[in-house]
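Asks: quick one: sequence and predicted model below, then my questions.
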Amino acid sequence: MCGRFALVQEFTEIEEALGAPVEAFPPRYNIAPTQPVLVVMGGPPRAPGSNQPDRTSMLVRWGFIPGWVKDVSKFPLLINARSETAATKPAFRAAMRHRRVLIPASGFYEWKRAGRKVPQPYWVKPANGGVVAFGGLMETYAEPGGSEIDTVAILTCAANEQISHIHDRMPVVVKPQDFARWLDCINNEPRDVADITQPVEPGFFDAIPVSDKVNKVANTSPDIQERAEVAEEPPQKPKPKSAGDDQLKLF
């Protein structure tokens, strides 16, 4: 899954990487669910000779709300969508077909829980640096009172062999050569872009152990991405034998 990420580059670098105009905003080192996140959408085809961009960007709420939801307070927070089933799940089916977006990021955080009492956080960033684009699904939810809210979920796929020791899921990364095809929801149905949702190759990311500062949403300074020693787990105390343990060995 992907429950936290960061976007720290200058807006000009994001514009160049995603091919869309972006408003300037400060670096964000610890983006959490329900907060606004930047998305890039495909626009109408560019007119011949026009200098107008064919992609646009906007801030939307990270936490997808399907259009058919009646009571948001009783609906779970959908921050991720499984790429393998998004085209068929009622919550994501329409967005996967009509509203695919790109979510620029500098990397994401993941917690290794398997075999640990205290999860170890990792900062997972592109090995070559720069901005990456996660695949996303967008929905504009109309509240009963008439107001509208734009929402998004990050698509995930199976983790590659480099990341799987941390977690079994990772964000879908859309490569630059696939941006146009991914955003073209008029000519490309979900089956036409299924190949884009495969895990990136091992070596694409660096996974850096960091301190538990990232656990708190209020911690938003660059130091949460600094390398930290992997916390050693205290040795587990052997379970005391029950009175019948030795007897049971006889059977």
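Replies: Happy to help now that I have it.

Asks: so where is the stretch 1-150 of the chain shaky, pLDDT-wise?
Replies: Counting by pLDDT under 70, the ranges of the stretch 1-150 of the chain that qualify are 44-53.

Asks: show me where it has its helices.
Replies: 11-18, 93-98 (DSSP state H, counting those that start in this stretch).

Asks: and the gap between residue 199 and residue 205?
Replies: Counting by Cβ to Cβ, to the nearest Å, the gap from residue 199 to residue 205 is 10 Å. Where you see a C-beta, it was placed from the backbone N, CA and C, and this is true even at glycine.

Asks: these two: which is more packed in?
Replies: A direct count of neighbours by other Cβ atoms under 10 Å for residue 199 and residue 205 places residue 205 higher, at 24 against 21.

Asks: was I right about the more buried one contacting residue 126?
Replies: Yes: checked against Cβ atoms under 8 Å, the pair residue 205 and residue 126 is within contact range at 6.3 Å.

Asks: can you work out which residues contact both of those two?
Replies: The contact sets of residue 205 and residue 126 overlap at residue 107 (Cβ atoms under 8 Å, 6 or more residues apart in numbering).

Asks: can you give me every residue that contacts residue 120?
Replies: Neighbours of residue 120 in contact, by Cβ under 8 Å, 6+ apart: 111, 112, 209, 230, 231.

Asks: residue 3 too?
Replies: By Cβ under 8 Å, 6+ apart, the contact list for residue 3 reads 32, 33, 79, 80, 109, 110.

Asks: in strands, which of the residues you listed fall?
Replies: Counting by DSSP state E, the contacts of residue 3 place 80, 109, 110 in strands.

Asks: and the first one, how many neighbours?
Replies: Read that as residue 80. By other Cβ under 10 Å, 22 other residues sit near residue 80.

Asks: and the one 5 residues further on, by the same measure?
Replies: Residues within reach of residue 85, counting by other Cβ under 10 Å, total 12.

Asks: distance of it from residue 136?
Replies: From residue 85 across to residue 136, the span is 16 Å (Cβ to Cβ).

Asks: where in the stretch 151-251 of the chain is pLDDT low?
Replies: For the stretch 151-251 of the chain, residues meeting the criterion pLDDT under 70 lie at 231-251.

Asks: which residue ranges form the helices in it?
Replies: 179-183, 245-248.
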